[in-house]
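J.: Sequence and predicted structure are below.
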Amino acid sequence: MAISKKGNCYVLPKDKESSEARASRFKKLFNRSRISQITRDNETLIPPKTKREIREAAIVREKYRTEREKNRFYQ
């Protein structure tokens, strides 16, 4: 069971191991390696946020942060 430098997953068969067990070991390795997640993320292009969107998100974060601080000290 290994991942090569190129990012390929493969499992070496063990003695007297069924193909179902080998397939389940491969699926476990593949899912833990996050290769599927990386390829899925690379399929779609997400445009970068504009300055306006970044500023609006910062305002919302600051609002929630101040509410959390108020509730922490005045409850």
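T.: Cool, the structure landed.

J.: Tally up the residues packed near residue 26, please.
T.: Residues within reach of residue 26, counting by other C-beta atoms under 10 Å, total 14. C-beta here means a position set from N, CA and C on the backbone, and glycine is covered the same way.

J.: In a helix, it, correct?
T.: Yes. The assignment for residue 26 is a helix, going by DSSP: H, G, I helix; E, B strand; the rest coil.

J.: Burial check on the closest residue in space to it that isn't next to it in sequence, number of neighbours?
T.: Of all residues not flanking residue 26 in the chain, residue 11 sits nearest, at 4.8 Å (C-beta to C-beta, 6 or more residues apart in numbering). Residue 11 has 18 neighbouring residues, counting by other C-beta under 10 Å.

J.: C-alpha coordinates for the longest helix anywhere in the chain, CSV please?
T.: Looking across the chain with DSSP state H, the single longest helix is helix 51-73. Provided in CSV are the C-alpha atoms of helix 51-73 (Å, rounded to 0.1, in the frame of the first residue of the first chain):
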residue,chain,number,x,y,z
LYS,A,51,-12.1,43.9,-2.7
ARG,A,52,-15.7,44.8,-2.0
GLU,A,53,-16.6,41.1,-1.1
ILE,A,54,-13.5,40.9,1.2
ARG,A,55,-14.5,44.1,2.9
GLU,A,56,-18.1,43.1,3.4
ALA,A,57,-17.0,39.7,4.9
ALA,A,58,-14.7,41.5,7.3
ILE,A,59,-17.5,43.8,8.5
VAL,A,60,-19.7,40.8,9.1
ARG,A,61,-16.9,39.0,11.0
GLU,A,62,-16.3,42.0,13.1
LYS,A,63,-20.0,42.3,14.0
TYR,A,64,-20.1,38.7,15.2
ARG,A,65,-16.9,39.1,17.0
THR,A,66,-18.2,42.1,19.0
GLU,A,67,-21.4,40.3,19.8
ARG,A,68,-19.5,37.3,21.1
GLU,A,69,-17.3,39.5,23.3
LYS,A,70,-20.3,41.4,24.7
ASN,A,71,-22.1,38.1,25.5
ARG,A,72,-18.9,36.8,27.1
PHE,A,73,-18.5,39.7,29.6
